[in-house]
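Visitor: Here's a sequence, model it:
(one chain, ligands or ions: 1)
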Amino acid sequence: MGETSEDIVIELSGLHKSFGGQVVLKGIDLVVRKGTTTVIVGASGEGKSVILKHMLGLMQPDKGLVRVFGRDINRIRSRELKEIRTRFGVLFQNAALFDSLTVFDNVALPLRERTRRDELWVREKVMDKLALMDLEGSEEKYPAQISGGMRKRVGLARALVLNPQVVFFDEPTTGLDVHKSNEIYRLFHKTQQKLGYTAVIVSHDVPKIFKLADYVALLAEGVVQGCMSPEEFQLSDNALIREYVETTMGPIYSSDQEESVLYETV
Ligand SMILES: Nc1ncnc2c1ncn2[C@@H]1O[C@H](COP(=O)(O)OP(=O)(O)OP(=O)(O)O)[C@@H](O)[C@H]1O
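Guide: Now for the predicted structure:
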């Protein structure tokens, strides 16, 4: 069966963005498919977060198109963009919790801002997501009273509280040790299985993040060098992808190279 437009949740086409004299995006083409996990990788400062901000409609391109659920989000009314955003969940690097609000109130925030439902309903939804994140019993604590890993889990609970169709993760495990970042990945996997959302993840956690990815896209020199399965990515002939794979994962030789390396050592 061929791909239909309904299978595509986000489409970036010929996206250009500069800041002052600094050209960051030089023609981004990228498609995010429904129900999949797309991971965007690339060196620091290449523009990965800038791409996410365009997908969220928080930044406008100088040139090019951002289509979300089939709509050009830079050509629609703010009311429609607002409606589209209700289908999004976002988890930023620092979890962006409000220090003056309890865990409960942080998670309840999108429900209170975006719906007009009563507090009984809000409580049920919040407690449901806190349970999913193994955070029961922490609802009356403040962000300063819980660990970094727990704060990320609260951020994830908040990102998922409206049962979004698309969830954006900007370096979700930054600052966490291996154990805690594994915990975030486990919860990501569990919640994606349960809720079935489409995920877009910006991450430096290579190769670990490849285990969660359906597609990996490398951003380098202002363009997406390729968006493909992790297996294809690791064996790609694209020079920049190859260089990225070798710097982050160690050398992978083609059979010819492997042979010549062997001969050199005997
Ligand atoms: N609002 C802005 N105004 C001016 N420059 C910006 C703005 N947003 C991003 N930039 C610049 O765009 C470039 C790309 O930034 P971005 O944060 O997207 O990089 P990144 O690939 O996500 O990096 P990292 O992996 O370190 O988070 C940087 O040089 C940054 O300074």
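
Visitor: Flag every residue of this structure that's near the ligand.
Guide: Contacts of the chain with the ligand, taken as Cβ under 6 Å from any ligand atom, map to 19, 24, 42, 44-50. All C-beta atoms are positioned from the backbone trio N, CA, C, and that covers glycine.

Visitor: Would you list the buried entries among those residues?
Guide: 24, 42, 46-50 (16 or more other Cβ atoms under 10 Å).

Visitor: Any chance of JSON lines for the residues you listed, columns secondary structure?
Guide: Formatted as JSON lines, these follow (DSSP: H, G, I helix; E, B strand; the rest coil):
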{"residue": "24", "secondary structure": "strand"}
{"residue": "42", "secondary structure": "coil"}
{"residue": "46", "secondary structure": "coil"}
{"residue": "47", "secondary structure": "coil"}
{"residue": "48", "secondary structure": "helix"}
{"residue": "49", "secondary structure": "helix"}
{"residue": "50", "secondary structure": "helix"}
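
Visitor: ok, residues contacting stretch 79-86?
Guide: Contact with stretch 79-86 is made by 56-57, 68-69, 71, 73, 76, 114, 162, 164, as judged by Cβ atoms under 8 Å, 6 or more residues apart in numbering.

Visitor: among the residues you listed, which are in strands?
Guide: Using DSSP state E, the members of the contacts of stretch 79-86 that fall in strands are 68, 71.

Visitor: so which of the contacts of stretch 79-86 would you say is closest to residue 37?
Guide: Minimum distance to residue 37 across those is 14.1 Å, recorded for residue 164 (Cβ to Cβ).

Visitor: Might you report the residue contacts of that closest one?
Guide: Counted by Cβ under 8 Å, 6+ apart, residue 164 has contacts 86-89, 197.

Visitor: Can you check which helix is longest in this structure?
Guide: helix 178-195 (DSSP state H).

Visitor: Right, I'll leave it there.
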